[in-house]
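Colleague: Build me a model:
(one chain, ligands or ions: 3)
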Amino acid sequence: MKADILLGLQWGDEGKGKIVDVLAPKYDIVARFQGGPNAGHTLEFDGRKHVLRSIPSGVFASGSGANIIGNGVVLDPVLFREEAAALEAEGLDLHSILRISKKAHLILPTHRLLDAAGERAKGSSKIGTTGKGIGPTYTDKVSRHGLRVGDAIGPDFIERYHALRDRHFAMLKAAGAEIPANFEDLETTWLEAVKYLCGFRLTDTEHYVNKALDDNKSLLCEGAQGTMLDIDFGSYPFVTSSNTVAAGACTGLGLAPRRIGKVYGIFKAYCTRVGSGPFPTELFDETGAEIRRIGHEFGAVTGRERRCGWLDLVALRYAVMINGATDLIMMKSDVLDGFDTIKVATSYRLPDGSETRDFPYSIGDNAEGSGSMTPVYQEFKGWKTSLADKRTFDELPKTFKDYVAFIESEVGVPVTIISVGPDRTETIFK
Ligand code: GDP
Ligand code: IMO
Ligand code: MG
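Modeller: Numbering: from 1, shown residues only. Ligands and ions are numbered 1, 2, ... in the order given. Prediction:
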């Protein structure tokens, strides 16, 4: 069997959690391959809402077999315990269905302090991180200082923890950052949470997933964040610290490229971005505020307002190219129900006056504002009908189908799933 991947094509929050939950019954295994508790993946069914951060969105699927936290993930034991304990209190037996890679890196309390200190030092050019210690943890991984989940069961774990913590203390001191007065409490809580984490199935997940594919089991790899937040291909430096693109599933789970089958690329019918950085199609007017209000565009983790704008096909084409997306999934179509006119950016006008359909090296390096590109828009008539009660593609209004067909023709990949509401059932397979 081949492994399929589902990942975000925009700036995150495209609705990955919802669709992984919808697709999960078709798969034996669901595996997260990168990111950490910076993610907030929302699932809704039976009138209830769940926000998952580090745990794969396959855990609720009927007959849920195995869910994996891969080596590419960074894990905060305290947040993991909070999330896992809440799910177990609801009746999920995570101790049986969840496996955690021994090679996943641990987020320490001091990583969060370093994240905050780094943001303070950047001042007005701050990234607007989620404050979860993501950047410093991946930095330690790459600079070969990190601690991994598998280290936590070793005899010298506490010494290694102290060594890394003290290194961080020195870095914080050099940055003029204060160690909070309650640090000892934070540390005690963290060490208890590490013990809790060690009670789960710590696994060499690279062996597990490859053997599962050899045994004809099916695997869905779940991305976090989105392509425009990728450390290599996103709007650097306003990105996260991992490879969010399809290649990240190979390194984040130990899968060879030939193991990959479908790549589901997921996008909203418009764009949002949370945190700083350039955003070419951002709307600063009443229309942007209207999209935010109707789409409830506030962060699932931080509650921050998401910046809103029109769909950007220059960025989407780029994301499809980098990921080799084979299937597109369009989310939150219902949010645009009431608009008279819907705009889509098909190219950018560059600062020198020329026009490009190819995503350029830089779209601007300012923390705030739309960036240095001026989008060139194509306008569409709105469908002015509620989509939320539609369940088949045939029922959808022609104006909406035209919008979808235009996107497909511009991007060159079919839209195979359309989402018309947050609930599991509000999903149309084309
Ligand atoms: P993720 O990080 O990609 O999993 O996405 P988030 O969960 O952060 O954000 C997506 C938000 O949109 C969540 O609040 C979902 O419940 C909601 N949502 C998902 N699909 C739809 C949809 O088709 N329509 C509407 N109105 N909301 C949706
Ligand atoms: P999901 O998986 C949207 C953004 C932050 C910030 C930048 C770097 O729910 O789509 P970090 O804490 O990762 O160092 O922050 O990335 N960011 C996200 N934006 N959705 C996410 O995850 C995000 N995870 C990080 O806002 O701009
Ligand atoms: Mg999210």
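Colleague: Show me what the helix ranked longest in the chain is packed up against.
Modeller: Across the chain, the helix with the greatest residue count (assigned by DSSP state H) is helix 157-174. For helix 157-174, the packing partners by 3 or more Cβ pairs under 8 Å, 6 or more residues apart in numbering; DSSP states H and E come out as helix 109-122, helix 183-198. Just so you know, the C-beta spots here come from the backbone N, C-alpha and C atoms, and that holds for glycine as well.
Colleague: where in the protein is pLDDT low?
Modeller: Using pLDDT under 70 as the threshold, the predicted model of the chain has low-confidence ranges 63-64, 368-370.
Colleague: residue boundaries of the helices in it?
Modeller: With DSSP H as the criterion, the chain has helices at 16-23, 77-89, 94-97, 109-122, 134-142, 157-174, 183-198, 205-214, 246-253, 286-294, 313-323, 398-411.
Colleague: can you list the ones you listed in TSV and add mean neighbour count and distance to ligand 1?
Modeller: Conversion of those to TSV gives the following (neighbours: other Cβ atoms under 10 Å; distance: least, Cβ to the nearest ligand atom, whole Å):
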stretch	mean neighbour count	distance to ligand 1
helix 16-23	25	3
helix 77-89	18	14
helix 94-97	15	19
helix 109-122	19	20
helix 134-142	22	14
helix 157-174	14	29
helix 183-198	16	23
helix 205-214	18	22
helix 246-253	24	15
helix 286-294	16	8
helix 313-323	23	14
helix 398-411	16	13
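Colleague: Which of the ones you listed sits closest to residue 361?
Modeller: Comparison of the helices of the chain against residue 361 by Cβ to Cβ identifies helix 313-323 as nearest, at 11.4 Å.
Colleague: Could you tell me the angle between the closest one and helix 246-253?
Modeller: Calculated by axes from the mean of the first three to the mean of the last three Cα atoms, to 10 degrees, helix 313-323 forms an angle of 40 degrees with helix 246-253.
Colleague: Does anything pack onto helix 313-323? Which helices or strands?
Modeller: strand 260-268, strand 341-349, helix 398-411.
Colleague: For stretch 92-100, what is the distance to the chain centroid?
Modeller: Averaging C-alpha coordinates over stretch 92-100 and over its chain gives two centres that are 22 Å apart (Cα atoms, centre = their mean, to the nearest Å).
Colleague: what's the answer for stretch 408-419, then?
Modeller: Between the mean C-alpha location of stretch 408-419 and the chain-wide mean there is a distance of 20 Å, by Cα atoms, centre = their mean.
Colleague: and the end-to-end length of it?
Modeller: Distance across stretch 408-419, first residue to last, is 16 Å (Cα to Cα, to the nearest Å).
Colleague: Please determine how far the residue in the chain that ligand 2 sits nearest to is located from residue 422.
Modeller: Per Cβ to the nearest ligand atom, the residue of the chain with the smallest distance to ligand 2 is residue 275, at 2.1 Å. Here residue 275 is placed at a distance of 22 Å from residue 422 (Cβ to Cβ, to the nearest Å).
Colleague: try residue 387
Modeller: With Cβ to Cβ as the criterion, residue 387 and residue 422 are 13 Å apart.
Colleague: Can you tell me which residues in this structure are near ligand 3?
Modeller: Proximity of the chain to ligand 3 is assessed by Cβ under 5 Å from the ion, with 13, 40, 300 identified as the residues in range.
Colleague: ok, back up a step: among the helices and strands packed on helix 157-174, single out whichever gets nearest to residue 231.
Modeller: Closest to residue 231 of the helices and strands packed on helix 157-174 is helix 109-122 (Cβ to Cβ; 15.2 Å).
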